[in-house]
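1. here are the coordinates; sequence isn't available:
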DNA sequence: ATGAAAGCGCTAACAG
DNA sequence: CTGTTAGCGCTTTCAT
C-alpha cells in the first residue's frame, strides 16, 4: 500500500485539508503546520496521487499525441517540440502511433478521451475523413498536423510552402539552371499541400519563359525516388535537364542513390534539390541542398496553441512566424 | 459535463452497479437489463472514465517510458516495439525524453510514479548512479535499457555483443583483411558494454596472429567519427590498415564522410564496417556493412517482461533469443 | 440477478 | 488559519 494524504496528516498531526493546502499552496497555512507537514511528507516519501487529483479537478495534465510513425525523423522532431514545451507547463504526453491505419487513429482517439487527456495533437499522413468529422465535434482541444494534406476545417499549423518553393527556384535559377524537373508524388491534388508548391514551381518556370516539366510518382519515400530513377534519367536526357527538384527529401535521396548506383555524378552530371531537411540530408554525400521545415517548432507551436486555451494568456504567444530556410549544400552546383 | 455511469443507469432504468457489470462483464446480468444498458450507452455515447476506474482498481494501464532522445533512430525503434506490444495488451505509454540529463531522468521518474504507471522502461545513454539506486528500491516493475553501459544490478535485455563482434571479425578476416583498426569511444571501460566488444576484437586479431590496433575517441556521434578522420588516415598509412571497424554506425558514417570529403574511396581505398544498423546505414552510399541490433525486439521484449509480471503467464514468453545479424553491404570489399 | 452503500485519494466549499 | 464534509466516477462487497 502506498502512502496517502491521510498518513501524512496523521503523522503531522493536522487534517488532510491542511496537507492538501501545503502541497498545492492553495491557501495560507501557518508556518508551524507547514513545517510539520513538509517533514511528514519527507519522512514518508509521500507523492500525491495524480489519478485521484485528476478525478476531482478534471485536469489530467496529459496531452494525447497520435502520430503516424514515431520512427520517422520529422515526426520525432515534432514530438520533441511538443514534449519540451509541454514539460515547461507541467504537461506530459501520452503517445500512440497509427502507422497509417485509419482504424488505429480512431481507436487511439477514443482511448485518449477516456484517459481524460486535456488536448490532442494528431500528426497524420493520411486523409482520414471519419476522423476529421469526429474531431470536429469533439470538445477536446486539438491540433491537426499533416505534412501532405490540407484540412481547411481543422486547426493546424501551416507554413508558407509556396514561398519556400519559390525561394528554392530563385536560387536554382540564379545559379544558372533553366530546365528544372520537378519530381513529386501524385495525390488528390485539391486536398494536397503539394498543390501550392507545384503552382509556385510553375510560376517560377514561367517567369523565366520556360515550360514546367513535372513528373509525378505514387510515393514520397526513398524507394519511390529510387524507382523513378530510370525514367527521370530519360527525362534528363530528352529535355536537357540540369536540376531535379524533389518535393520531398526522401525522393531526392532515393534518386541520388539511383544515380550513385548508375554512375551518374551529383552534382557534376546533374544537380538535385530536396524539400524538408530530414536528418540524412546533411549526412549523405553529397550533402543535399534543400528547404528546412521547422518540425521542432511546429510541434512547439502546436502545443502552445492548446496550452493557451487550457491555461490562458500566460503562454507566450510570440506569434512566431515559422522560419522556413533554404539550406545550400553540395548537391546543387552553379552552371 | 460529460456523460457518466449515472446518466446511463437513469436512462436504462437500472442501478449503476448493473451498468458497471455490463461494461466490465464482471457478473451475470439478465439479457433484458443488458440490452437496455447497451442501448443507453449507445444513445448517450458513453465512455467510461478511466481516471475514476484507475482510482479504484489501482490499474492505470499506463507504462512510463523515459528515453534519452526520441529523435534517435534506435530509440524510436525501441519505443515502437514497446508501443506495439503494449497496445496488444491494452497498455498505453506515457513518454518523456531526458536528453542526457540526470536531473530530468529523475524528475520523470518521480512524475511517472505519481501518475500511477504500472511499469517503467528506461532507455538511457548515461550512467546515472542516483537513478540506479532509486530504481532498485522502487516497487514498480521496470526495465533498464542502456546501449553503452552495463548495469548488473538492474533488470535489462542484453545481447551477445561479443559474439556479434566476433561475427564481423570472422567475416572481415574471411575476406582477406588482416590489419583491422578498431575505432571506439573511450569510456569508463569497466561499466561499459564496449568492454566485451573490444575483447572479442582482440581475440579475433590474436587468433590470426596479429596485434590489435585500437583508436579510442571521446564520442559516439557522427561528428566524432568525422573528427577522428585525419588521425585514422595516418594510422591507415603507418599500419597498412585495410579495414576500419567502428564500434558504432555513427562513427562509421562520420568517418566515411571524412573520406568522401578528402577523396578517399570506400571501399576501394579502405573498407569500413559499423555496428548497429541505424537507418542511414542502408541509405548512405556506399551502403554500410554492419551488425544489426534488433532494437524493435528489444523494446518488445522489455515490455513483455513487465507485462508478464503485471498480468502473469498469459504473455507468451517465447524466450526469444534476440537475433543479432551481420549485414553485408558495400562498404567492405574482398581483398 | 440486482440495488444500496462504502470507499479509492484527493480537492474545495463551508463553517468555525 | 484549520477541520469537517461532500463529492469526483467508478468498482465491489453485502444484502436482498
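-> Looks like it came in fine. Remember, predicted model here, so these are calculated numbers, not experimental data. Numbering: from 1, shown residues only, chains lettered A, B, ... in the order given.
2. ranges for the strands of chain A?
-> Applying DSSP state E to chain A gives strands spanning A:62-67, A:92-97, A:119-124, A:141-146, A:180-185, A:213-217, A:243-246, A:271-273, A:290-292, A:325-327.
3. any stretches of chain A with poor pLDDT?
-> Within chain A, the segments meeting pLDDT under 70 span A:1, A:188-191, A:313-321.
4. which residues touch the closest residue to DNA strand C within it?
-> Nearest residue of chain A to DNA strand C: residue A:5, at 2.9 Å (CB to the nearest atom of the strand). Any C-beta I mention is one placed from the backbone N, CA and C, and that applies to glycine too. Going by CB atoms under 8 Å, 6 or more residues apart in numbering or on different chains, residue A:5 touches A:16, A:19, A:20, A:46, A:48.
5. do the same with residue A:290
-> Counting by CB under 8 Å, 6+ apart, residue A:290 has contacts A:249, A:252, A:273, A:274, A:275, A:276, A:277, A:281, A:327, A:329.
6. among these, which ones are in helices?
-> A:249, A:252, A:281 (DSSP state H).
7. who's in contact with the residue nearest to the second one when sequence neighbours are not counted?
-> This points to residue A:252. Distance criterion CB to CB, 6 or more residues apart in numbering or on different chains; nearest residue to residue A:252, sequence neighbours excluded, is residue A:274 at 3.5 Å. Neighbouring residues of residue A:274 by CB under 8 Å, 6+ apart: A:246, A:248, A:249, A:251, A:252, A:253, A:281, A:288, A:289, A:290, A:291, A:331.
8. I'd like to know how many residues surround the fourth one.
-> Here the count is done by other CB atoms under 10 Å in any protein chain shown, and residue A:251 has 30 residues near it.
9. pretty sure residue A:29 is touching residue A:19, no?
-> No. Here residue A:29 does not reach residue A:19: they are 9.2 Å apart, not a contact under CB atoms under 8 Å.
10. neighbour-wise, which of these two wins?
-> Between residue A:29 and residue A:19, counted using other CB under 10 Å, the more crowded position is residue A:19 (29 against 19).
11. gap between the more buried one and residue B:51?
-> 21 Å (CB to CB, to the nearest Å).
12. and for the closest residue to residue A:205 other than its chain neighbours, the neighbour number?
-> Nearest residue to residue A:205 in three dimensions, chain neighbours excluded: residue A:212, at 4.5 Å (CB to CB, 6+ apart). When neighbours are defined as other CB under 10 Å, residue A:212 has 15 of them.
13. wait, residue A:185 touches residue A:215, no?
-> No. Contact between residue A:185 and residue A:215 fails when scored by CB under 8 Å: they sit 10.4 Å apart.
14. more neighbours, those two?
-> For residue A:185 and residue A:215, the more surrounded residue by other CB under 10 Å is residue A:185, and the numbers stand at 20 against 16.
15. return the residues in contact with the nearest residue to that one once chain neighbours are set aside.
-> For residue A:185, ignoring the flanking residues on the chain, the nearest one in space by CB to CB, 6+ apart is residue A:220 at 4.4 Å. Residues near residue A:220 by CB under 8 Å, 6+ apart: A:148, A:185, A:247, A:248, A:250, A:251.
16. of the residues you listed, which is the nearest to residue A:41?
-> Residue A:41 lies nearest to residue A:148 out of these, by CB to CB, at 50.4 Å.
17. residue A:192 versus that closest one, what's the distance?
-> From residue A:148 to residue A:192 the distance is 6 Å (CB to CB).
18. now do the helices in chain A.
-> A:5-12, A:16-24, A:31-44, A:50-57, A:73-88, A:102-114, A:129-136, A:161-174, A:194-207, A:222-227, A:229-239, A:249-261, A:280-283, A:295-311.
19. which of these sits most buried?
-> Greatest average neighbour count among the helices of chain A goes to helix A:249-261 (a mean of 25), per mean count of other CB atoms under 10 Å in any protein chain shown.
20. and the residue sitting nearest the centre point of chain A, how far from residue A:286?
-> Closest residue to the average C-alpha location of chain A: residue A:78 at 3.6 Å, with CA atoms, centre = their mean. According to CB to CB, residue A:78 and residue A:286 sit 27 Å apart.
21. please apply the same query to residue A:152.
-> For residue A:152 relative to residue A:286 (CB to CB), the value is 39 Å.
22. okay, those two: which has more neighbours?
-> More crowded of residue A:152 and residue A:286, by other CB under 10 Å: residue A:286, with 20 against 6.
23. leaving out sequence neighbours, find the closest residue to that one.
-> With CB to CB, 6+ apart, the residue lying closest to residue A:286 is residue A:330, at 3.8 Å.
24. what's the neighbour count on the one you found?
-> There are 17 residues near residue A:330, going by other CB under 10 Å.
25. break chain A down into its domains, please.
-> A:5-48, A:62-158+A:295-323, A:161-293 (automatic domain parsing).
26. for these, which one sits closest to DNA strand D?
-> Nearest to DNA strand D among those is domain A:5-48; the distance by CB to the nearest atom of the strand comes to 2.5 Å.
27. is DNA strand D within reach of that closest one?
-> Yes. Judged by CB under 7 Å from any atom of the strand, domain A:5-48 comes into contact with DNA strand D through A:14-18, A:21, A:27-30, A:32-34.
28. ok now that domain, how far from the chain's centre?
-> Distance of domain A:5-48 from its chain centroid, counting by CA atoms, centre = their mean, to the nearest Å, is 42 Å.
29. endpoint to endpoint, that domain covers what distance?
-> One end of domain A:5-48 to the other measures 7 Å (CA to CA, to the nearest Å).
30. cool, stretch A:214-234 as well?
-> In stretch A:214-234, first residue to last residue: 13 Å (CA to CA).
31. which non-adjacent residue is nearest residue A:165?
-> Ranked by CB to CB, 6+ apart and with sequence neighbours excluded, the top spatial neighbour of residue A:165 is residue A:200, at 3.8 Å.
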